[in-house]
Structure formats: C-alpha cells, structure tokens
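J.: Any chance you could fold what I've pasted below:
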Amino acid sequence: MPKTKAQGVIFGLIMSYAMAIGMEVYNIAIKMGFDLIGGGLSTMTNDVIPAALVEASYMGLFVFLFSNLWGNRAGTAFAARHSDPKHDNPHLCQLFRQAAPLPSCAPR
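T.: Residues are numbered from 1 along each chain as shown. Okay, the predicted model is just below:
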C-alpha cells in the first residue's frame, strides 16, 4: 500500500483507470449485443477494446476525482461513526471505510 502522498496519487490513478477500463469493456460489449449472442460475453471480439479505451480515457479521470473529492472523506466519516479501531477487527474497520460511498452510487 502507498506510504507517501505521491505513491497514493499514482496508486489512485492506476486503480481508477483499471476500474474504468473494466467497466467500459463490459458496457461497450453489452451495447454491441454480445450478451445476446449464444455464449454471452465470452464471444466478445477485439472490436470492443478501442471503443472502451476511448471512453475509459476520460471516465478514469472522473473516477479518480470523485473518489478523492467525496469517496475517501465519506468512507472515513462512516467508519469513524460505526467502528472503533481500538476494539474492532481491523478488517471490519476497512470494510466500513470502503463500503460507505456505495449508497451514493446506487441508482434510485
């Protein structure tokens, strides 16, 4: 895990773009109809990749900005309210911190 602020920023960028590429490959494959073909998404061709990379080029930046502007702060505040690092399992405290921004992303 990152030890300095610079390492944290680089780690955040890598994770944001990796997540954006994965999500966009999935979304573009569905838009192209690969989920309706026999075999599902396993029949996906390389035509999906260029379109996904174009969209992921700016979506990764949005993920990074939203995560750093709201997600990390919301997670920290939620974990501080619902867990005590001195008494609770550290894994549970980390889970609370990571799960806090999820309700804000859920569709209504």
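
J.: lowest-pLDDT helix or strand in the chain?
T.: Across the helices and strands of the chain, mean pLDDT, DSSP states H and E gives its lowest value to helix 102-105, namely a mean of 57.

J.: Please tell me I have it right and Glu24 contacts Ala56.
T.: Yes. Counting by CB atoms under 8 Å, Ala56 is a contact partner of Glu24 at 4.5 Å. Using the backbone N, CA and C atoms, a C-beta is placed for each residue, glycine as well.

J.: So, low pLDDT: which residues of this protein?
T.: Along the chain, segments meeting pLDDT under 70 span 1, 71, 100-108.

J.: what about the strands in it?
T.: Using DSSP state E, no strands are found in the chain.

J.: Nearest the middle, which residue of it would you pick?
T.: Met19 (4.9 Å; CA atoms, centre = their mean).

J.: so who does it touch?
T.: Gly60, Val63 (CB atoms under 8 Å, 6 or more residues apart in numbering).

J.: can you rerun that using 6 Å?
T.: Shown in contact with Met19 (CB atoms under 6 Å, 6 or more residues apart in numbering): Val63.

J.: From Phe64, how far off is it?
T.: Separation of Met19 from Phe64 (CB to CB, to the nearest Å): 10 Å.

J.: ok, now Asp88?
T.: Distance from Asp88 to Phe64, counting by CB to CB: 29 Å.

J.: can you check Gly75 too?
T.: Counting by CB to CB - Gly75 and Phe64 are separated by 15 Å.
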